[in-house]
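>>> following is a predicted model, sequence given first.
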Amino acid sequence: MAVDVLDARILRLLLEQPRTSVREYARILGVARGTLQARLDRLERDGVITGYGPRLSPAALGHPVLAFVHIEVTQGHLDDVGERLAAVPEIIEAFSVTGGGDLLTRVAARDNTHLEDVIQLIIRMPGVVRTRTEVVLRERVRSRMLPLVGSVAANAAASTGQDAMSAWRDAH
């Protein structure tokens, strides 16, 4: 799905002002409300926008220990293990990966003892061969999308002959 400069400007507003109304977004962007709604519908349908809602802090929810747990899985059991991982509330993300393991999970825990309990739960799952854990010391780059949106806007502008720097500023 190609994202053009207007799409990038819409995405920027959604990221910067997530609680603003569609009517206000249209006013800010200088487009008709119907145009904006059609763009939002297409961005959702094409999977660019995957959801709306607040970002929550695991630490503020009483789970300040963050770790990445690499999981090696017996061949043929990746889907089964993935389903079991989804039932563990402390696992806040899981990805199939290449490299030193088959799955990479992000785990939030109350403390180190709780983290060990979660890891032991994972190890006991059928199909899990071994795990390797890396505890996060400090977040260095917060989860973000705005720089990527700016880059996409600049590329879209360049492909249509628009000024890439203006598009970057508009979307960044």
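Arrived safely, thanks for sending.
>>> buried stuff in stretch 116-126?
Neighbour-count burial for stretch 116-126 flags 118-119, 121-122, 125 (criterion: 16 or more other C-beta atoms under 10 Å). (Glycine included, C-beta is placed from N, CA and C.)
>>> stretch 65-73 too?
For stretch 65-73, by 16+ other C-beta under 10 Å, it's 65-67, 69-71, 73.
>>> just flag the most distant two among those.
65 and 73 (24.0 Å; C-beta to C-beta).
>>> for the chain, what spans make up the helices?
Secondary structure of the chain (DSSP state H): helices at 5-16, 22-29, 33-45, 78-86, 112-123, 146-159, 164-171.
>>> on that earlier part again, among the buried residues of stretch 65-73, which one sits closest to residue 139?
residue 66 (8.0 Å).
>>> one step back: out of the buried residues of stretch 65-73, which is nearest to residue 101?
residue 70 (3.6 Å).
>>> who does the closest one bridge with?
Taking DSSP bridges as the rule, residue 70 bridges to residue 104, residue 132.
>>> from what I can see it touches residue 104, true?
Yes - in this structure, residue 70 is within contact of residue 104 by C-beta atoms under 8 Å, at 5.7 Å.
>>> can you list residues touching both of those two?
residue 97 (C-beta atoms under 8 Å, 6 or more residues apart in numbering).
>>> quick check, nearest of the buried residues of stretch 65-73 to residue 150?
Closest to residue 150, out of all of the buried residues of stretch 65-73 and judged by C-beta to C-beta, is residue 66, at 27.1 Å.
>>> do you know the pLDDT at that closest one?
If you check residue 66, the pLDDT there is 98.
>>> circling back to that earlier point, and which of the buried residues of stretch 116-126 is nearest to residue 95?
residue 122 (14.5 Å).
>>> okay, that closest one and residue 8: tell me how far apart.
39 Å (C-beta to C-beta, to the nearest Å).
>>> equivalent analysis for residue 120, please.
45 Å.
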